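Asker: Have a look at this prediction, sequence included:
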Amino acid sequence: MSAGSPLADDVPFANLPVARQEARPVPPDRASRAAVARRPEFTMPKITYIDAQGTSRTVEGETGSTVMEVAVRNGVPGIEAECGGACACATCHVYVDEAWAEKAGHAEPMEEDMLDFAFDVRPTSRLSCQIRVRDDLDGLVVRTPARQG
Ligand code: FES
C-alpha cells in the first residue's frame with residue numbers, strides 16, 4: 001500500500017516502513033494472547049496410557065486440556081470420546097492408576113451417573129474428558145478398559 005492510496009488514511013500505521021510498523025501498539029486482545037503463549041506455567045505434563053493388552057504409551061499433554069483430549073490428539077487407541085468431551089457418552093472411560101487416584105480427584109455426580117453406562121466400572125474409574133491436565137499430574141498413569149461402552 002502506498003501513501004495516497006484510499007486505504008492509507010483509514011488504516012493507522014499503514015504508511016510506516018515495516019520496521020516502524022513493528023513498534024505500533026498491539027491491540028489488547030493480541031497482547032493477551034501473546035502473554036498466554038509466554039506464560040511460564042504453560043507446561044507439558046507426561047501422561048501414560050496403558051491399554052488392556054499392557055501396551056504403554058506416554059505422551060505430553062497441555063495443561064488445561066483434558067486427559068481425553070490429549071489421548072485423541074496423540075492417537076492413543078482405546079478412547080473413543082464419541083460426545084467430544086460433553087460427559088454424555090462414557091466412551092472415554094479410564095482406570096486411574098491407584099497411585100494417582102487421589103491426585104486426579106473424584107468424579108462429580110454427573111460423571112458418576114454417566115459411568116453407569118461404561119463397561120467394567122471399577123473404584124478408580126473416571127471419564128478422561130473430566131480430568132483436567134495440571135502440572136501436578138505430571139506422570140499420571142491411566143489404563144483403558146478392554147472395550148468402551
Ligand atoms: S468423551 Fe463422552 S463422556 Fe467423555
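Answerer: Perfect, I can see it now.
Asker: Thought Lys46 was touching Ser56, still the case?
Answerer: No - using Cβ atoms under 8 Å, Ser56 is not in contact with Lys46, being 11.6 Å away. C-beta: built from backbone N, CA, C; applies to glycine.
Asker: So which of these two has more stuff around it?
Answerer: Under the criterion of other Cβ atoms under 10 Å, the comparison of Ser56 against Lys46 puts Lys46 first, with 14 against 10.
Asker: May I have the residues that are in contact with the residue positioned nearest the centre of the chain?
Answerer: Geometric centre of the chain, nearest residue: Ser65, 1.9 Å, by Cα atoms, centre = their mean. Shown in contact with Ser65 (Cβ atoms under 8 Å, 6 or more residues apart in numbering): 73, 132-133.
Asker: same thing but at 7 Å, please
Answerer: Counting by Cβ atoms under 7 Å, 6 or more residues apart in numbering, Ser65 makes contact with Val133.
Asker: Please report how far it lies from the ligand.
Answerer: 13 Å (Cβ to the nearest ligand atom, to the nearest Å).
Asker: Phi, psi for that residue please.
Answerer: For Ser65, the backbone dihedrals (degrees, to the nearest 10) come out as phi -90, psi -180.
Asker: How is the chain divided into domains?
Answerer: Domain segmentation of the chain under automatic domain parsing yields 1-39, 46-143.
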